[in-house]
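**Student:** whatever this is, show me its structure:
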Amino acid sequence: ASGDVTLNCALNDVSRNVTLHVIKLWEGEGTEVSPYLITSKADMENLAGMVNDGTDYQGVYFTVTSDIDLECDASHPWTPIGNNTNSFKGYFDGDGRTISNMVITNANGQYQGLFGCTTNAEISNLTVAGSMTGDDYTAGVVGCMFGGRVYNCINNVTCSAGNFIAGICGTLKENGILENCINAADLTAAQPGGICQNCNDNSQILNCRNDGDITKTGTNEDYGAGGICQINYGTISNCCNTGSVSGNNYVGGICGYNYNKIEKCYNLGLVEGNQWVGGICGYEEYNGYRNCYVEYCVNVGEVHANYYYGGVVGTMKGRSNSYRAYCTNCINMAPVIGIPDNTNTGGVIGQFYNSYYTVNNCYYDKQMSLVGDVYATGLLTSEMIADNLFGADNAAWFYSENRYPRLNCMKDADASVAAAEPIFL
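**Tutor:** Next up is the predicted model:
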């Protein structure tokens, strides 16, 4: 607690007692058993000030004890906790609370969010609400993560302008983990991702869901959009998108560009673009000397595009026979609509950039998707609901009467149950 401390100071044989009034910033001890207690806007501002001045709080614990209104507006924006020079390294537990009215207006700013930059930190059990604009490394919860974990967090911070923008984490690096998080806000930017903009360095996005509408703006045709992640070099697993995803090129219900692995994911949202557009992934490509994968995924969101578009993947590109692009054990039950061209469109795959690819056990409902597919199998709805559709890989799937297959890992999730409902029988 705060209080007075008396010190005896001596100089040249003269001593004096000096009383100092010590102010403690937060109640608690900063330990796991007795964390520092965050109770107010002032407590949040104090944490931002200390971290940004160089105190990283490595190994120190914080817990939010009540909902907090940051009372920000365009004239008084939020200053993020941490930046590219001084990052937060502690444990921050929101305890199920909401931090509201976070406003960020720095359109050219980097490392923007409730937390600007963290290193091997943990942030959990928190909802953030407000509005933001930003450039690189911008998100509602954390702008940039170097390792560490964010889990059980919800973003309700909307974005109407910006560059590299996401709901939970802007850029995820160095084996960082996003888990059990939800983006519920609409995001509009040059390179938006619902949960994460750039999942890098073998990081992971696990059990996350996007419910917001994701819209790519601007004229740069190399920029894309994804319901979960815009660019993935790590692993996206057990995730679901229910919001619409729209842009120009490289647009996917789960991911715009995939350079590593997407598995066990659902897309229920409308996906719209010009080219390289897919219900799950817009563009799948090897990364250096490594295979890339889309496997055990389900699409039930309509896909609208003009060129190189598919119900699951828009375009697949491998490097060699040793480093291939894979799409296996995936299904599409939604319409795929655009310029008819069976060499560059498909019920599952739109285009193969070269011959270094593998497509296996992939199906689409040909009563729903009428474009055909050269490499995947089109079936009637009555055939799609068969209880042995995936043969040897049946163990991954849950079957129920007169329903499409559901992934066992998500069979009771609302999105999975909704996706299993057929239109035609």
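**Student:** CA only for contacts and neighbour counts going forward, please
**Tutor:** Fine.
**Student:** so where do the strands sit in the stretch 1-150 of the chain?
**Tutor:** Here the stretch 1-150 of the chain has its strands, by DSSP state E, counting those that start in this stretch, at 3-11, 14-22, 36-38, 61-64, 68-69, 91-104, 115-119, 122-134, 138-139, 142-146, 149-162.
**Student:** quick one, which of the ones you listed is nearest to residue 364?
**Tutor:** strand 149-162 (33.2 Å; Cα to Cα).
**Student:** C-terminal to the closest one, what's the next element?
**Tutor:** Per DSSP states H and E, the first helix or strand lying C-terminal to strand 149-162 is strand 164-166.
**Student:** so what strands line up beside that next one?
**Tutor:** Taking DSSP bridges as the criterion, strand 164-166 forms sheet pairs with strand 138-139 (parallel), strand 191-193 (parallel).
**Student:** save those as TSV, and put in distance to residue 275 too.
**Tutor:** Shown next, in TSV, are those (distance: least, Cα to Cα, whole Å):
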stretch	distance to residue 275
strand 138-139	26
strand 191-193	16
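**Student:** and those strands as JSON lines, adding mean neighbour count?
**Tutor:** Output for the strands paired with strand 164-166, formatted as JSON lines (neighbours: other Cα atoms under 10 Å):
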{"stretch": "strand 138-139", "mean neighbour count": "36"}
{"stretch": "strand 191-193", "mean neighbour count": "36"}
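**Student:** can you show me the helices along this structure?
**Tutor:** Ranges of helices within the chain are 41-52, 381-384, 414-419, based on DSSP state H.
**Student:** now these as TSV including mean pLDDT?
**Tutor:** Shown next, in TSV, are the helices of the chain (pLDDT from 0 to 100):
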stretch	mean pLDDT
helix 41-52	97
helix 381-384	92
helix 414-419	86
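**Student:** ok so, going back, any chance of the strands paired with strand 164-166 in JSON lines, with distance to residue 78 and mean pLDDT too?
**Tutor:** Shown next, in JSON lines, are the strands paired with strand 164-166 (distance: least, Cα to Cα, whole Å; pLDDT from 0 to 100):
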{"stretch": "strand 138-139", "distance to residue 78": "13", "mean pLDDT": "94"}
{"stretch": "strand 191-193", "distance to residue 78": "21", "mean pLDDT": "95"}
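**Student:** related to what we said a few turns ago, deepest-packed of the strands of the stretch 1-150 of the chain, please.
**Tutor:** strand 138-139 (a mean of 36; mean count of other Cα atoms under 10 Å).
**Student:** can you tell me what sits against that strand?
**Tutor:** By Cα atoms under 8 Å, 6 or more residues apart in numbering, the list of residues contacting strand 138-139 from outside reads 110-113, 116, 144, 164-171.
**Student:** and residue 245, how far is that from residue 52?
**Tutor:** Counting by Cα to Cα, to the nearest Å, the separation of residue 245 from residue 52 is 35 Å.
**Student:** the two: which is more packed in?
**Tutor:** The neighbour count for residue 245 versus residue 52, taken as other Cα atoms under 10 Å, is higher for residue 245 (33 against 22).
**Student:** contact partners for the residue lying closest to residue 290 once chain neighbours are set aside?
**Tutor:** Nearest residue to residue 290, sequence neighbours excluded (Cα to Cα, 6 or more residues apart in numbering): residue 323, at 5.5 Å. Residues near residue 323 by Cα under 8 Å, 6+ apart: 286, 289-292, 356.
**Student:** which among those gets closest to residue 240?
**Tutor:** For those, the nearest to residue 240 is residue 292 (19.6 Å; Cα to Cα).
**Student:** so the closest one sits right up against residue 260, yeah?
**Tutor:** Yes. Between residue 292 and residue 260 there is a contact at 4.4 Å, judged by Cα atoms under 8 Å.
**Student:** any shared contact partners between these two?
**Tutor:** 285-286.
**Student:** quick one: contacts for residue 351?
**Tutor:** Counted by Cα under 8 Å, 6+ apart, residue 351 has contacts 308-310, 314-316, 343-345.
**Student:** among the residues you listed, show me the least confident.
**Tutor:** Among the contacts of residue 351, residue 343 has the lowest pLDDT, at 71.
**Student:** tally of neighbours for it?
**Tutor:** By other Cα under 10 Å, the residues close to residue 343 number 15.
**Student:** what of residue 393?
**Tutor:** 12.
**Student:** now for it: which residues touch it?
**Tutor:** Contacts for residue 393 (Cα under 8 Å, 6+ apart) come out as residue 329.
**Student:** and it, what pLDDT?
**Tutor:** Confidence score, pLDDT, at residue 393: 76.
**Student:** check residue 280 too.
**Tutor:** In this model, residue 280 is scored at 98, pLDDT.
**Student:** could you do residue 163 as well?
**Tutor:** 85.
**Student:** isn't it right up against residue 193?
**Tutor:** No. Using Cα under 8 Å, residue 163 is not in contact with residue 193; the gap is 10.6 Å.
**Student:** that older thread, residue 392 versus the residue nearest to residue 290, what's the distance?
**Tutor:** From residue 323 to residue 392 the distance is 25 Å (Cα to Cα).
**Student:** over to residue 71?
**Tutor:** 57 Å.
**Student:** looking only at neighbour counts, state which of these two leads.
**Tutor:** More neighbours surround residue 71 than the other of residue 71 and residue 392, with 15 against 9 (other Cα under 10 Å).
**Student:** confirm for me that that one is in contact with residue 101.
**Tutor:** Yes. If you go by Cα under 8 Å, residue 71 and residue 101 touch, sitting 5.6 Å apart.
**Student:** and the residue nearest to residue 202 when sequence neighbours are not counted, what does it touch?
**Tutor:** Nearest residue to residue 202, sequence neighbours excluded (Cα to Cα, 6+ apart): residue 234, at 4.1 Å. By Cα under 8 Å, 6+ apart, the contact list for residue 234 reads 199-204, 259-261.
**Student:** try it again with 10 Å
**Tutor:** By Cα atoms under 10 Å, 6 or more residues apart in numbering, the residues touching residue 234 are 172-177, 198-205, 258-262.
**Student:** quick check: it vs residue 260, distance?
**Tutor:** 6 Å.
**Student:** run through the stretch 151-300 of the chain and note the low-pLDDT ranges.
**Tutor:** For the stretch 151-300 of the chain, residues meeting the criterion pLDDT under 70 lie at 289.
**Student:** strands - which of the contacts of residue 234 land there?
**Tutor:** Within the contacts of residue 234, residues falling in strands by DSSP state E are 172-173, 177, 198-199, 204-205, 258, 261-262.
**Student:** any chance of these in a markdown table, with neighbour count too?
**Tutor:** Shown next, in a markdown table, are the ones in strands among the contacts of residue 234 (neighbours: other Cα under 10 Å):
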| residue | neighbour count |
| --- | --- |
| 172 | 32 |
| 173 | 22 |
| 177 | 23 |
| 198 | 27 |
| 199 | 31 |
| 204 | 24 |
| 205 | 27 |
| 258 | 33 |
| 261 | 20 |
| 262 | 28 |
